Each structure stands twice: as structure tokens, then as C-alpha cells.
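Engineer: Sequence first, predicted model second:
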Amino acid sequence: MNLNRRNLLGAGAAFCASPTLARSADPLAGLTVINALGGLADPNFPNAPEATLTARILADAKASGLTAVNCTLGYVAGPGDPFERSMADIALYDAMLAKHPNDLIKVFTAADFARAKAEKKIGVIYGFQNAAQMGDDASRADRFAKAGVRIVQLTYNLRNQLGDGSIAPEGRGLTPFGREVVERLNANNVMVDLSHSGRQICLDAIAASKQPISINHTGCRALTDLPRNKTDEELRLVAEKGGFVGIYFMPFLNLSGHARAVDVVAHIEHAINVCGEDHVGIGTDGTTTPIDDLEAYKSVLLAEHLDRKAKGVAAPGERADTHPFVDDLRGVEQFRKLYRLLEARGHKTLRIEKVLGTNFVDFSQRIWG
């Protein structure tokens, strides 16, 4: 075969046009990547004001292949009025998005994921990691939904007026007020998230909700017996009702407190075995901008751990020497590396695409439309 310059140029064009060949260069080419719980932040500056967005944060998020991320807004734990803090955070994020219209879009429906992908922007999903901000008024769910909150986690680790979080010793289930809140969230087509919840409130909420529910960031307790991870019973019931389970990149995936990428893969595989491949995704609980100097950052991590202990929200599996991320699955290459690890384990392209994003897109379509 005679390959002159014109032949070579043509062959190069064919290479670029071939999805299979392009995927080998970048496994995320054309894929929708949804982080069901993460953030847009730079952990190298832990004291930066809320909703601070730098050029590096944007560049890292885009370089990672991320399409959209569920960002935690509002009250989670600690002092301050939960409702007022949450409304203030919504205003801060609205202002941040208004400053970056060419980079970010606010996600309201599943169609916004395709829009973000087409416009080369990052979709920002407004989500709460506590429902304490409901106070004693379930109709506040209407106001939050109108402001664009698309996901509400019923509890953090401790008890609130809806029920018990994962480390509350009594393990109280969904309270009558909690049932009211779930009803209002359903009426507003807001996702009911059972991450951080105790077992009983999780089971109660699955039964009470008229819509499928999610556990956006968790691990599998059958592999690592810690309260922040979910039992097979919880995982299976979520899937049977058409819900979604996101596996996090957190220390709770290994009893050593130092989870690795292989642990993430193992928990994803277990969740798929329990839930089926149409109900499992990722909710990393982290950012795409990595810590640059882990050794220098140890003092910051220690301070964060001591603060969480003082607030009573530190869960078993958190220690002074643990990292709230997976060391070898972080930064801008984390999603590509996960793709290749799953591929090496024999998972087919369609399944990997589901895990990285399309399962969450499909779930959001069932809730948001």
C-alpha cells in the first residue's frame, strides 16, 4: 500500500472521526460524567470564602471530563440558624453562577445535562446534606425547590427532626414530620437522598416516598462494616424502587481508613451485583482539584478532624491520619483512571458509561423530568 502525504492526512482524519479510536486516546470522549456528590473548590485553600471559584478550579473541572456535579449548599452541621444559612448559600451560588455564564449552568432538569455537555459548561446541581433547615415547617421544601434546590438529604450523621443519621445510637426511623417532608419533596419533584442516614430511616423513607430515592454517596457495608456504608438490604430496596446509588471515593471503603482505587472498584462491583448495572454510579464526595502537597496538608486535615469530632459529626472510620479522599484516584484524571480500571476488570463500555453518568441522568429524568 502506497501511503503518500494525502493518504496519511486522510488516515489521520479517519482516526479522529472514529469513536473507538478516539476513545482509546481519551476514554471520556463523548461521555456524560455526573458526580452525584462533589464540589467546585480548591482544597489547597480550605479557608476560602464559600462559593469561591478560581480559574484553576474551572480548568481542572473541565479537564477532568466532568459534565455536572451535585454541590453541597446550606446548613450541614454546627452553629447558626439552618434556614438562614441555607438561604444565604443559595444566594451565594446564584451570584457565582451569574458571574460565570460561559462556564457554569444551574441544573433544573435532566435536559440540562445535555445542554451543559453541548455548551462545554459544568452543570451545577444544588443539593442539601441535611434537612434540619426545614425547621418545623415542611412547606419550606416548596421554597427551596423554587430556589432551585434539586436534592435534599434527609439527615447528616446525627439526629434531626426527621430521624436519625448514621451515627445516632438509637437508630430512630422516619418521624411523622419526616414523612411530611418526604411528601413535600415528592410534590416538588426534588430528589430524596438517604446518604448519611441510619438504616431504619432509610428503609422507612424508601417505603414512604412515592418516587424513587437515591443514596448519592456511600459504600457497601457487606465489604466494609462501617455506619456510613449501606447494607445490601438498603441498596437492593433502593434499586427495586427505581432509585440510584453513588459510590464515594472516601476512607470508609477500607477499614484501614486509607482507601485505594481498587476499593472503589470493589464497592462499585458489589453495588452492581446487588442493585443491577442500571442503578449504580459515583458520588465522589470530593473535588477535581487535588491537594498539591499532601505532607504539608496534614496539619489542615488534623484540624478538620478535630473540628468534626468537636461537633460530634465524625463517623467511625474517620481518624486523624485518614484522608477524606482516595489518594490514587483524585485530581483531573480520576474519572479516566476509573474508566480504565473498570475496563481492565472486564466491564463493557456501556456499563462503564452508565456508572460514570448515564444512570444518574436516567434517574434524574424519573424525578425532575
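Structural biologist: Now that the structure is in, tell me what you want to look at. Residues are numbered from 1 along each chain as shown.

Engineer: just the helices in this protein please.
Structural biologist: For the chain, the helices defined by DSSP state H cover 5-17, 19-25, 55-63, 82-99, 111-118, 140-146, 176-187, 199-208, 232-240, 261-275, 294-311, 334-344, 349-353, 359-368.

Engineer: would you list the ones you listed in JSON lines and tack on distance to Ala222, mean neighbour count and mean pLDDT?
Structural biologist: Yep, even glycine has a C-beta here, placed from its N, CA and C like the rest. Output for the helices of the chain, formatted as JSON lines (distance: least, CB to CB, whole Å; neighbours: other CB atoms under 10 Å; pLDDT from 0 to 100):
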{"stretch": "helix 5-17", "distance to Ala222": "44", "mean neighbour count": "10", "mean pLDDT": "33"}
{"stretch": "helix 19-25", "distance to Ala222": "33", "mean neighbour count": "11", "mean pLDDT": "53"}
{"stretch": "helix 55-63", "distance to Ala222": "33", "mean neighbour count": "16", "mean pLDDT": "98"}
{"stretch": "helix 82-99", "distance to Ala222": "34", "mean neighbour count": "17", "mean pLDDT": "98"}
{"stretch": "helix 111-118", "distance to Ala222": "31", "mean neighbour count": "17", "mean pLDDT": "98"}
{"stretch": "helix 140-146", "distance to Ala222": "33", "mean neighbour count": "18", "mean pLDDT": "98"}
{"stretch": "helix 176-187", "distance to Ala222": "27", "mean neighbour count": "20", "mean pLDDT": "98"}
{"stretch": "helix 199-208", "distance to Ala222": "13", "mean neighbour count": "21", "mean pLDDT": "98"}
{"stretch": "helix 232-240", "distance to Ala222": "5", "mean neighbour count": "19", "mean pLDDT": "98"}
{"stretch": "helix 261-275", "distance to Ala222": "6", "mean neighbour count": "22", "mean pLDDT": "98"}
{"stretch": "helix 294-311", "distance to Ala222": "26", "mean neighbour count": "13", "mean pLDDT": "89"}
{"stretch": "helix 334-344", "distance to Ala222": "20", "mean neighbour count": "19", "mean pLDDT": "98"}
{"stretch": "helix 349-353", "distance to Ala222": "20", "mean neighbour count": "16", "mean pLDDT": "98"}
{"stretch": "helix 359-368", "distance to Ala222": "20", "mean neighbour count": "21", "mean pLDDT": "98"}
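
Engineer: and of those, who's closest to Ile34?
Structural biologist: For the helices of the chain, the distance to Ile34 is smallest for helix 359-368, at 4.2 Å, taking CB to CB.

Engineer: Please report the distance of the nearest residue to Arg184 once chain neighbours are set aside from Thr218.
Structural biologist: Once flanking residues are discounted, Arg184 sits nearest to Ala141: 3.8 Å by CB to CB, 6 or more residues apart in numbering. If you measure Ala141 against Thr218 using CB to CB, to the nearest Å, the figure is 23 Å.

Engineer: With Thr322 instead?
Structural biologist: Counting by CB to CB - Thr322 and Thr218 are separated by 17 Å.

Engineer: Counting neighbours around each, name which of the two comes out higher.
Structural biologist: Using other CB atoms under 10 Å as the criterion, Thr322 and Thr218 rank with Thr218 on top: 32 against 18.

Engineer: contacting residues around the more buried one?
Structural biologist: 195, 228-230, 245-248, 283 (CB atoms under 8 Å, 6 or more residues apart in numbering).

Engineer: Return the subset of these lying in strands.
Structural biologist: When DSSP state E defines the strands, the subset of the contacts of Thr218 inside them is 245-247.

Engineer: Output these in CSV, with pLDDT appended to each entry.
Structural biologist: Listed next are these as CSV, based on pLDDT from 0 to 100:
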residue, pLDDT
Val245, 99
Gly246, 99
Ile247, 99
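
Engineer: I'd assumed Met191 was in contact with the residue nearest to Arg184.
Structural biologist: No. The criterion here is CB atoms under 8 Å, and Ala141 misses it with Met191 at 11.7 Å.

Engineer: what touches both of the two?
Structural biologist: Counting by CB under 8 Å, 6+ apart, the common neighbours of Ala141 and Met191 are 152, 185.

Engineer: what are the phi and psi values for the residue nearest to Phe108 when sequence neighbours are not counted?
Structural biologist: Spatial nearest neighbour of Phe108, excluding adjacent residues (CB to CB, 6+ apart): Gly148 at 6.5 Å. With angles defined as degrees, to the nearest 10, Gly148 sits at phi 100, psi 10.

Engineer: Might one say that Gly148 is in contact with Tyr126?
Structural biologist: Yes. Taking contacts as CB under 8 Å, Gly148 lies within contact range of Tyr126: 5.1 Å.

Engineer: For those two, indicate the residue with more neighbours.
Structural biologist: The neighbour comparison of Gly148 against Tyr126 (other CB under 10 Å) goes to Tyr126, with 26 against 17.

Engineer: Tell me what that one is bridged to.
Structural biologist: Taking DSSP bridges as the rule, Tyr126 bridges to Cys71, Val149.

Engineer: Would you agree it is in contact with Lys106?
Structural biologist: Yes. Look at Tyr126 against Lys106 with CB under 8 Å: they come within range, at 7.2 Å.

Engineer: Now for the two: what residues contact both?
Structural biologist: Gly148.

Engineer: how about the nearest residue to Gly74 once chain neighbours are set aside, what does it touch?
Structural biologist: Sequence neighbours aside, Ser86 is the residue nearest to Gly74 in space, at 3.2 Å (criterion: CB to CB, 6+ apart). Listed by CB under 8 Å, 6+ apart, the contact partners of Ser86 are 73-75, 128, 133, 144.

Engineer: Please identify which two of those residues are farthest apart in space.
Structural biologist: Across the contacts of Ser86, the longest distance by CB to CB is 11.5 Å; it joins Tyr75 and Phe144.
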